[in-house]
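Trainee: sequence? don't have it. structure:
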């Protein structure tokens, strides 16, 4: 028998992910501070709670998909909301991208109530979320992961178990760091190409036939050529994740010189009003720094 699920957080990622659970036959209750965001899910058969506390008290599994560490703490550690409504035997699955120490803090608090917690952030943006092809990175008790793997199988094409609470978050920071560096590297190559007179479309076609090609290059090529970058993964979130990765690196004395340098470019891009555009808008920042815009 499928567990009942409560979903908190209906942003760009949360809505398509929750939609896939409803379509897979899960009994889903949703809550969002902006109630209008629940309408499409209600139309598919989901129920809408009027508060986080009401949601928690009516389900077996609580899934959160929230914007940052502070929001996760505010939602999950609220005695008048989620934390106060939890009961022994439930599971909380936090799919947000947050600091590993926040994950461990929240896990300790909910475990004191007899509740299990999995940190399960995802690799992928809106299109994979819609298609159910995300990659899910999990930390927590392995037995709890195995118990809830059918949920992950609906949301993603693969899930990977990394160990204790916080390890899913560590894995997410590492893969997002790699993504940010790859797109900064691509952008720097494009800027050099433009400054030296290379045709951009021909250059991108060439990249597609070399060892440095990757799916993300093909995915971003239309936006690069159009010069328009609507957010699939907002630049401000990559800036946040670079910062979290550098914090994690400091705590374990890991050297990340390229990440440190790239972070500064993203900080500048966010300060220059590019934060709500797609991560690929880092190209616009580098073009401006190079006198091309």
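Mentor: In hand now; what should we look at? None of the values given here were measured: they were computed from a predicted structure.

Trainee: use CA for all of it now, contacts and neighbours both
Mentor: Will do.

Trainee: neighbours of the residue nearest to residue 14 when sequence neighbours are not counted, how many?
Mentor: Distances taken as C-alpha to C-alpha, 6 or more residues apart in numbering place residue 65 nearest to residue 14, at 6.0 Å, with adjacent residues excluded. Neighbourhood size, residue 65 [other C-alpha atoms under 10 Å]: 26.

Trainee: surely residue 65 touches residue 12?
Mentor: No. Between residue 65 and residue 12 there is no contact under C-alpha atoms under 8 Å: 9.9 Å.

Trainee: mind listing what residue 281 touches?
Mentor: By C-alpha atoms under 8 Å, 6 or more residues apart in numbering, residue 281 lies in contact with 229, 235, 274.

Trainee: one more: residue 32?
Mentor: 8, 9, 10, 38.

Trainee: and the closest residue to residue 293 other than its chain neighbours, how many neighbours?
Mentor: Closest residue in space to residue 293, ignoring its immediate chain neighbours: residue 287 at 6.0 Å, by C-alpha to C-alpha, 6+ apart. For residue 287, the neighbour count with other C-alpha under 10 Å is 19.

Trainee: again, but for residue 93
Mentor: 23.

Trainee: over to residue 141?
Mentor: Applying other C-alpha under 10 Å, we find 16 residues neighbouring residue 141.

Trainee: show me the domain layout of this protein.
Mentor: The chain breaks down into these domains under automatic domain parsing: 5-164, 170-289.

Trainee: before we move on, back to that, please identify the helix or strand for the residue nearest to residue 293.
Mentor: Assigned by DSSP states H and E, residue 287 belongs to helix 282-289.

Trainee: buried set for that helix?
Mentor: 282, 283, 284, 285, 286, 287 (16 or more other C-alpha atoms under 10 Å).

Trainee: tell me the mean pLDDT for it?
Mentor: Average pLDDT, helix 282-289: 98.

Trainee: same for the helix or strand hosting residue 39, what does it pack against?
Mentor: In this structure, residue 39 is located in helix 39-44 according to DSSP H and E. In terms of contacts (3 or more C-alpha pairs under 8 Å, 6 or more residues apart in numbering; DSSP states H and E), helix 39-44 is packed against helix 14-23.

Trainee: now find how far off-centre the helix it packs on is within its chain.
Mentor: Distance of helix 14-23 from the chain centroid (C-alpha atoms, centre = their mean, to the nearest Å) equals 15 Å.

Trainee: what is the subsequent helix or strand relative to it?
Mentor: strand 28-31.

Trainee: nearest to residue 162 among the contacts of residue 281?
Mentor: residue 235 (26.6 Å; C-alpha to C-alpha).

Trainee: can you give me the helices for the stretch 101-250 of the chain?
Mentor: Here the stretch 101-250 of the chain has its helices, by DSSP state H, counting those that start in this stretch, at 126-131, 142-155, 167-195, 200-207, 215-226, 235-252.

Trainee: could you list the buried residues of the last one?
Mentor: What that stands for is helix 235-252. Neighbour-count burial for helix 235-252, counted by 16+ other C-alpha under 10 Å, picks out 235-246, 248.

Trainee: the helix or strand just after it to helix 282-289, inter-axis angle?
Mentor: Moving toward the C-terminus from helix 235-252, the next helix or strand (DSSP H and E) is helix 257-269. Helix 257-269 runs at 80 degrees relative to helix 282-289, counting by axes from the mean of the first three to the mean of the last three C-alpha atoms, to 10 degrees.

Trainee: relative to helix 235-252, how tilted is helix 257-269?
Mentor: Using the same axes, to 10 degrees, one finds that helix 257-269 and helix 235-252 are set 140 degrees apart in direction.

Trainee: need the contact partners of helix 257-269.
Mentor: If you take C-alpha under 8 Å, 6+ apart as the criterion, helix 257-269 is touched by 177, 180-181, 184, 235-236, 238-239, 242-243, 246, 275, 282, 285-286.

Trainee: still on that earlier bit, make JSON lines from the contacts of residue 32 and add neighbour count, distance to residue 146 and pLDDT to it.
Mentor: Formatted as JSON lines, the contacts of residue 32 follow (neighbours: other C-alpha atoms under 10 Å; distance: C-alpha to C-alpha, whole Å; pLDDT from 0 to 100):
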{"residue": "8", "neighbour count": "26", "distance to residue 146": "22", "pLDDT": "97"}
{"residue": "9", "neighbour count": "24", "distance to residue 146": "24", "pLDDT": "95"}
{"residue": "10", "neighbour count": "24", "distance to residue 146": "25", "pLDDT": "95"}
{"residue": "38", "neighbour count": "21", "distance to residue 146": "29", "pLDDT": "94"}
